[in-house]
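Quick one: sequence plus predicted model below, questions after.
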Amino acid sequence: MQPYYGIDLSKVTYAEGINTGHGRALAYCDRIFFTKPGNLWLDKSELHLTLHEIEHLVQCQQRGRRTFLVEYILKAGMDAMKSRQVDVHDMIDMERAAEAKAARLTNIVWDKIQKMRHMAPVAVPMRCMQGEVFMPTAGGACCTPNYSQCRNLTTGHVTCRQAGCQ
């Protein structure tokens, strides 16, 4: 995803199965909280959601932590007063911008994922330990069967996809 965003994504963390209070994913500067487990490598709608949330990370980093949060809350409040609706999620300009970016990138990134699946060398999955599942990411990754934890085969970096895993 890095080539499509103007921020360093290497420090981004995420968790799944999080109660966000309103049933939608949340992103804040370097963290993404998903309400349910998903697999962006196998599910195009999960990829779209992830791209949308990454754009919020960009917005937050560009504006600064406090400014982003205050601006988002104020815009939501003003939109709620103007529209006399409680759910103003899709009216907020930051949401519309994140959705537009995700819409532009989803097919591009999905096509690259599909090509990587077909181009992955046969020998790469053999580097996964018994019981792990190979994922055709950049450099390849080995994941637990439920995809809760993945290890990048190039860097050795481990990514946790659930709260509390190390």
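Sure, I can see it.

Quick check: phi and psi on A141?
When quoted as degrees, to the nearest 10, the phi and psi of A141 stand at phi -150, psi 150.

Could you list every helix and strand in contact with the longest helix seen in the chain?
Of all the elements of type helix in the chain, the one with the most residues (DSSP state H) is helix 93-119. If you count contacts as 3 or more C-beta pairs under 8 Å, 6 or more residues apart in numbering; DSSP states H and E, helix 93-119 packs onto helix 44-63, helix 65-83. Where C-beta positions appear, they are placed from N, C-alpha and C, glycine not excepted.

Which neighbouring elements make contact with the shortest one?
To tie it back to what came earlier, the one meant is helix 65-83. Counting by 3+ C-beta pairs under 8 Å, 6+ apart, the packing neighbours recorded for helix 65-83 are strand 26-28, helix 44-63, helix 93-119.

try 6 Å
Taking 3 or more C-beta pairs under 6 Å, 6 or more residues apart in numbering; DSSP states H and E as the contact definition, helix 65-83 has no neighbouring helices or strands.

which ones are touching the residue nearest the centre of the chain?
The centroid of the chain falls nearest to T50 when counting by C-alpha atoms, centre = their mean (3.0 Å). Remark: with contacts taken as C-beta atoms under 6 Å, 6 or more residues apart in numbering, T50 is in contact with L40.

Quick check, pLDDT for it.
Note for T50: predicted pLDDT of 94.

same question, G164
Per-residue confidence (pLDDT) for G164: 52.

sorry, back to before: need the winner for burial among the helices and strands packed on helix 93-119.
Each of the helices and strands packed on helix 93-119 was given a mean neighbour count from mean count of other C-beta atoms under 10 Å, and the largest, a mean of 19, is that of helix 44-63.

so how far is it from its chain's centroid?
A distance of 6 Å separates the C-alpha centroid of helix 44-63 from that of its chain, computed with C-alpha atoms, centre = their mean, to the nearest Å.

Then stretch 134-154?
Stretch 134-154 sits 15 Å away from the centroid of its parent chain (C-alpha atoms, centre = their mean).

ends of that stretch, how far apart?
Using C-alpha to C-alpha, to the nearest Å, the end-to-end distance of stretch 134-154 comes out at 13 Å.

Tell me which residues of that stretch come out buried.
The neighbour-count criterion (16 or more other C-beta atoms under 10 Å) identifies 134-137, 140-143, 147-153 as the buried residues of stretch 134-154.

Same check on stretch 8-25?
Applying 16+ other C-beta under 10 Å to stretch 8-25 flags 12, 14, 16, 18, 25 as buried.
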